[in-house]
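>>> The following block contains a protein sequence and its predicted model.
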Amino acid sequence: MTCDETRKRLSFFLYGELSFQEEEDTEAHLEQCAACRLEMERERALQRAFDASEMPVVPGMAAQARRELMAEIARRRDHPGFWQRWMDRSGLRWRFVSPALQPIGALALLLVGYFGARVHPWEANPGFAESSLVPVASRVRYVEPEASGKVRIVVEDARQRVLTGDPSDDKIRKLLMAATQDPADPGVRVESVNLLTSQSDSAEVRRTMLWVLQHDSNAGVRLKALESLKASAGEPETREVLSKVLLTDKNPGVRTQAIDLLTQHKGVQIVGILQELMRRDDNGYVRYRCERTLHEMDASEGTF
Amino acid sequence: MEESALIRAAQAGDERAFEELVRLYDQSVLRLAMNLLRSPEDANDIYQEAFLRVYRNLHSFRFDCSFHTWLYRIVTNLCLDALRKRKVRREEPAQFATADGVLDRMDTIEDERAHGNPQRNLMSVELKERIQAILEGLTPRERMVFEMRHYQGLRLRAIGEVLGTSEEAAKNCLFRATQKMRAALGDFL
């Protein structure tokens, strides 16, 4: 291997982009050639110089860029442009056409339709009318042939609407209560529970919170529901659910909050449950609270 | 959640999954754009446009290549366009605004390197400026290959995939870039 060939390979050698054999040959040449070793050192110095010239990404820049991006996406989703709305309505996706050319393509299609109609006119169809607003998503739910030869189709349109109002408003409250049981999004559930906390004096809201506390799969949502039940911790219905949760919930965070709430109000009804928890709960704080409450109530810690 | 699951969830309209996907790649996208365009403002523009394109076209992603390759194709195309538009080398301001206040590019570089390799601290500002000028003088394609190999650490095969060319062509491009830089920096080394 010649010096010239070796020197051409030096940068690839340092980048680890040579084949096994090429690397072997280069190393063998470098071992016996001082001039090429010097060249290798220069190559290393060059790469170090490049390293030092790297433009840094300032801390926080990525997070700031991501926030801007998500805000822009939300803005476009909430206020889609004309062409986006048209595309959504038509259900079309022009995968191979650049977005800049899409309006031109749509215009071309309109012109083709217009001149096509002049060449080959047909009667307007009196049996078809569309009165939908801008649908976000459409789904065909039902199709049925009619005796006349026409087809009846039931289309379900999902639309986005924006409602604004006070949580005490009946309509808003009902929507929030429904949202606490949305299986798809724990984020929506936790925020809905949070917003309903100010309405926890309503029996309807309280029952919803008790349901969430017992059935929600997400511990964060259950903890939020517990918070909203603080005001009603003395109610028999709440205490009964707290007792159940203490015996069944696998999340120690939920149980420690629940024991705090349950022991706010002492009474003989909870002695049995506290003794049971002393026996079986593996969480030290839960057992400590039980022990202290039983002691304050002059009740024994164990069952005999 | 694994990347493929995140992609499928984002394709189904889950914006949180999309944001998570962005989070996985946003540092490397910004780094690539920053090094190529040498301007935080331009890098941010590329970032915004690239991820908006990903958002708009994610439904057409069919896992024919890795998401990384697909994303980098978008980013490199945008950067190539931006580099080609810079027919005349424009002067970058030495200072730029960040969330933490105004920073000087060279100061940032010095500070970042101060704890690492003391040898680097000896490098003169003149050399850094020379390197920047040489990088500006490379063709956009040479620049792209060099940046992806040197700063992003991508293999030549992956670079070829991103740029829609062969590994051999990417290798030739890198060779030309390093030769030009060696020749231009010869008296400094």
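The structure has been received and is ready for your questions.
>>> and residue A:277, backbone torsions?
As for residue A:277, its main-chain torsions (degrees, to the nearest 10) stand at phi -70, psi -40.
>>> Residue A:22: how many residues sit nearby?
15 (other Cβ atoms under 10 Å in any protein chain shown). Quick note: C-beta positions are derived from backbone N, CA and C, even for glycine.
>>> repeat for residue A:174
Neighbour count for residue A:174, taken as other Cβ under 10 Å: 11.
>>> Could you confirm whether stretch A:51-58 reaches chain B?
Yes - with Cβ under 8 Å from any Cβ of the partner chain as the criterion, chain B is reached by stretch A:51-58 at A:51, A:52, A:53, A:54, A:55, A:56, A:57, A:58.
>>> Show the average pLDDT along that stretch.
When pLDDT is averaged along stretch A:51-58, the result is 81.
>>> in stretch B:178-189, what's buried?
Under the neighbour-count criterion of 16 or more other Cβ atoms under 10 Å in any protein chain shown, stretch B:178-189 has B:178, B:180, B:181, B:182, B:184, B:185 buried.
>>> Pick out the lowest-pLDDT one from those.
residue B:185 (82).
>>> hang on, isn't residue B:22 packed against residue A:66?
Yes - taking Cβ atoms under 8 Å as the definition, residue B:22 is a contact partner of residue A:66 at 5.7 Å.
>>> If you count surrounding residues, which of those two has more?
Under the criterion of other Cβ under 10 Å, the comparison of residue B:22 against residue A:66 puts residue B:22 first, with 24 against 18.
>>> where's stretch A:235-250 relative to the chain centroid, distance-wise?
Remark: stretch A:235-250 is offset 29 Å from the chain centroid, using Cα atoms, centre = their mean, to the nearest Å.
>>> Now the stretch 151-300 of chain A against chain B: closest residue?
residue A:187 (7.3 Å; Cβ to the nearest Cβ).
>>> Identify the residue nearest that residue in space, chain neighbours excluded?
Excluding the flanking residues, the one nearest residue A:187 by Cβ to Cβ, 6 or more residues apart in numbering or on different chains is residue B:16, at 7.3 Å.
>>> Next, the buried residues of the helix or strand where the one you found lies.
Element membership for residue B:16, per DSSP states H and E: helix B:15-37. Going by neighbour count (16+ other Cβ under 10 Å), the buried part of helix B:15-37 is B:17-22, B:25-26, B:28-37.
>>> Go back to those residues and keep what's next to chain A.
Within the buried residues of helix B:15-37, those near chain A by Cβ under 8 Å from any Cβ are B:18, B:19, B:22, B:26, B:30, B:31, B:34, B:35.
>>> which ones are touching the fifth one?
Contacts here follow Cβ atoms under 8 Å, 6 or more residues apart in numbering or on different chains; on that basis residue B:30 touches A:57, A:61, A:62, A:65, B:43, B:44, B:47.
>>> cool, and the fourth one?
Listed by Cβ under 8 Å, 6+ apart, the contact set of residue B:26 reads A:62, A:65, A:66, B:47, B:51.
>>> Columns secondary structure on top of those residues, output as a markdown table?
Shown next, in a markdown table, are the contacts of residue B:26 (DSSP: H, G, I helix; E, B strand; the rest coil):
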| residue | secondary structure |
| --- | --- |
| A:62 | helix |
| A:65 | helix |
| A:66 | helix |
| B:47 | helix |
| B:51 | helix |
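>>> thinking again about what came up before, so what touches the helix or strand where the residue of the stretch 151-300 of chain A closest to chain B lies?
Assigned by DSSP H and E, residue A:187 belongs to helix A:186-196. For helix A:186-196, contacts defined as Cβ under 8 Å, 6+ apart pick out A:167, A:173, A:176-177, A:179-182, A:205, A:208-209, A:212, A:216-218, A:220-221, A:224-225, A:228, B:16.
>>> Using ChimeraX, define a selection of the buried residues within the residues you listed.
A single ChimeraX command is used to select the members of these judged buried by 16+ other Cβ under 10 Å:
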select /A:173,176,177,179,180,205,208,209,212,216,220,221,224,225,228
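>>> out of the contacts of residue B:26, who's nearest residue B:83?
For the contacts of residue B:26, the closest approach to residue B:83 (Cβ to Cβ) belongs to residue B:47, at 15.8 Å.
>>> Nearest residue to the middle of chain B?
With distances taken as Cα atoms, centre = their mean, residue B:32 lies nearest the centre of chain B, 1.3 Å away.
>>> quick one: that residue and residue B:147 touch, right?
Yes - assessed by Cβ under 8 Å, residue B:32 is found in contact with residue B:147 at 6.4 Å.
>>> sec struct for residue 181, please.
In the absence of a named chain, this looks at chain A. coil.
>>> if you could check chain B rather than the one you did, that'd help
With three-state DSSP as the criterion, residue B:181 reads helix.
>>> and the gap between the closest residue to it other than its chain neighbours and residue B:161?
Leaving aside its chain neighbours, residue B:181 sits nearest to residue B:134 (5.3 Å; criterion: Cβ to Cβ, 6+ apart). According to Cβ to Cβ, to the nearest Å, residue B:134 and residue B:161 sit 27 Å apart.
>>> got it, and residue A:18?
20 Å.
>>> And residue A:239, by the same measure?
Remark: distance between residue A:239 and residue B:161 (Cβ to Cβ) = 64 Å.
>>> Residue A:280 now?
58 Å.
>>> what about these two, which has more around it?
More crowded of residue A:280 and residue B:161, by other Cβ under 10 Å: residue B:161, with 21 against 10.
>>> Make sure that one is indeed in a helix.
Yes - Residue B:161: assigned to a helix according to three-state DSSP.
>>> That one contacts residue B:69, doesn't it?
Yes - contact criterion Cβ under 8 Å: residue B:161 and residue B:69 qualify, at 5.1 Å.
>>> before we move on, back to that, just the buried subset of the contacts of residue B:26, written out for PyMOL, thanks.
To isolate the buried ones among the contacts of residue B:26 in PyMOL, judged by 16+ other Cβ under 10 Å, type:
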select buried, (chain A and resi 62+65+66) or (chain B and resi 47+51)
